[in-house]
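>>> Can you look at this prediction? I've put the sequence above it.
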Amino acid sequence: MKITGIIPARYASTRFPGKPLVDIGGKSMVMRVFEQVSKVEKISEVIVATDNEDIYDHVNSNGGKAVMTREDHPSGTDRCYEALTKCTGDFDFAINIQGDEPFLKPEQISSLCDALTPEVEIGSMMKKIKDRKDLFNPNVVKVVVSEPGNALYFSRQTIPYQRNSKEAVWMDNYDYFKHLGIYAYRSDILKKLASLPEGKLEKAESLEQLRWLEKGYSIKMVETDIESIGIDTPEDLEEVKKKLNL
């Protein structure tokens, strides 16, 4: 099984322009992610997929590998597919790793790699919700899975809804899971996903993965206990620096 790790890195983030290049304790965010993913033994090659020459030059001049991709990709999935076509050699799977999680744990990616088989079309990750605030936060995406471990649905709402119980005891009755935005695509499936039009469910919830479910693709979910630390805004960055004394 040959796997590549792809890190989409756009410069023009609405909430945090230039985010991949910000300094975190003497190292850029994008290089922190690159180095963490490079520690995963089952990943043969790691590349940064960017639309910006400064990011491209920065990664390549600091021991990483970057490829230039189009500016007009509507999603990270589309950018991943273009990057995959520029990889050297053939890969069975491509893993899309978010470029704004500089403290990503290699063992988290390893557990996703372990779950990949020729039968898996798409793989992703989930973590048990332990904070009640997350349960009712629409920015925390929830997922319900089948007994074999495939995603049944993703939603910003709290799912499943427990009709005969009060909300205060929902977490006592049922294990709820939040979705972590790491995806592993089988290479032939990624090519198909890149050509799909926006779906009705995706438009309603603003969740790209619903496009794939609506078209009949399966998403294998892998549970993790590791908490991700995402950085979406300059305020997030400052908060993380304070917590980690950086």
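Looks like it came in fine.
>>> Return the set of buried residues in stretch 147-157.
Residues of stretch 147-157 classed as buried: 151, 153-155 (neighbour count, 16 or more other C-beta atoms under 10 Å). No exception for glycine: its C-beta is placed from N, CA and C like everyone else's.
>>> let me fix that: stretch 225-238
Buried residues in stretch 225-238, counted by 16+ other C-beta under 10 Å: 228, 231, 236-237.
>>> In the chain, where's the longest strand?
strand 177-186 (DSSP state E).
>>> contacts for that one?
Here strand 177-186 makes contact (C-beta atoms under 8 Å, 6 or more residues apart in numbering) with 3, 77, 80, 92-98, 108-109, 112-113, 116, 118, 120-129, 134, 140-145, 154, 193, 209, 221, 223-224, 228.
>>> Let's see which of the residues you listed end up in helices.
Counting by DSSP state H, the contacts of strand 177-186 place 77, 80, 108-109, 112-113, 134, 193, 209 in helices.
>>> and those residues as TSV, adding pLDDT and distance to Met171?
Shown next, in TSV, are those (pLDDT from 0 to 100; distance: C-beta to C-beta, whole Å):
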residue	pLDDT	distance to Met171
Thr77	92	32
Cys80	94	34
Gln108	95	23
Ile109	96	28
Leu112	97	25
Cys113	97	30
Asp134	95	10
Leu193	96	33
Gln209	97	24
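>>> who wins for most neighbours among the residues you listed?
Neighbour counts for those, by other C-beta atoms under 10 Å, peak at Cys80, which reaches 27 neighbours.
>>> Just the buried residues of stretch 225-238: which are in helices?
Among those, the members falling in helices (DSSP H) are 236-237.
>>> Tell me who's in contact with Thr50.
8-11, 20, 56, 59, 66-69.
>>> returning to that earlier point: of the buried residues of stretch 225-238, which is the nearest to Met29?
Checking the buried residues of stretch 225-238 against Met29 by C-beta to C-beta gives Ile231 as the nearest, at 6.9 Å.
>>> Tell me the backbone dihedrals of that closest one, please.
phi -120, psi 110 (degrees, to the nearest 10).
>>> for it, what are its contacts?
Contacts of Ile231 by C-beta under 8 Å, 6+ apart are 16, 19, 29, 100-102, 237, 240.
>>> so which of those residues comes closest to Asn52?
The closest of the contacts of Ile231, once distances to Asn52 are taken by C-beta to C-beta, is Lys19, at 10.9 Å.
>>> any idea how far the closest one is from Asp72?
Note on Lys19: its distance to Asp72, by C-beta to C-beta, to the nearest Å, is 19 Å.
>>> of the two, who's got more company?
Between Lys19 and Asp72, counting by other C-beta under 10 Å, Lys19 is the more crowded of the two (24 against 7).
>>> Tell me the predicted confidence for the closest residue to that one other than its chain neighbours.
Distance criterion C-beta to C-beta, 6 or more residues apart in numbering; nearest residue to Lys19, sequence neighbours excluded, is Ser13 at 5.0 Å. The model reports Ser13 with a pLDDT of 77.
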